[in-house]
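[1] Below are the sequence and a predicted model for it; my questions follow.
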Amino acid sequence: ILPGVSGGVARIMVGQPFDTIKTRLQVLGKGTIGAQGMPPEMVYTNGMDCVRKMIKSEGPGSLYKGTVAPLLGNMVLLGIHFPTFTKTRAYLEQGDAPGTFSP
């Protein structure tokens, strides 16, 4: 269970900033409906512009906004997935040479 939980944590801690930037660009990116009527300083022109504006106005922690729900979900998901995969694979490989499957 621990490898699955730590994998879930790693997945979110690495990927969450990219997901946050993607979401901001979808909502307030140049040319989007959300950006219409907004002051130019609040509209993001590209990913790096989004990162710069977020860090400048909200601090580096803003890249991890909304992390708790996906973090808990992935910890549970991968905490169950890893051991289930291992047990299922061991069951299916009974009687086979290690690392091979027979039809």
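    Looks like it came in fine. Residues are numbered from 1 along each chain as shown.

[2] And the helix ranked longest in the chain, what does it pack against?
    Identified as the longest helix of the chain according to DSSP state H is helix 2-28. Helix 2-28 sits against helix 47-58, helix 68-92, with contacts defined as 3 or more Cβ pairs under 8 Å, 6 or more residues apart in numbering; DSSP states H and E. Using the backbone N, CA and C atoms, a C-beta is placed for each residue, glycine as well.

[3] on contacts alone, who are the packing partners of the last one?
    Judged by 3+ Cβ pairs under 8 Å, 6+ apart, the packing partners of helix 68-92 are helix 2-28.

[4] go on, the shortest one?
    Under the contact criterion of 3+ Cβ pairs under 8 Å, 6+ apart, helix 47-58 touches helix 2-28.

[5] what angle separates the helix it packs on from helix 68-92?
    140 degrees (axes from the mean of the first three to the mean of the last three Cα atoms, to 10 degrees).

[6] nearest to Ala10, of the helices and strands packed on helix 2-28?
    Minimum separation from Ala10 across these (Cβ to Cβ) falls at helix 68-92, 9.2 Å.

[7] mean confidence for the closest one?
    Averaged over helix 68-92, pLDDT sits at 89.

[8] count of neighbours near Tyr44?
    22 (other Cβ atoms under 10 Å).

[9] Pretty sure it sits against Lys30.
    Yes. If you go by Cβ atoms under 8 Å, Tyr44 and Lys30 touch, sitting 6.7 Å apart.

[10] All good on my end, thank you.
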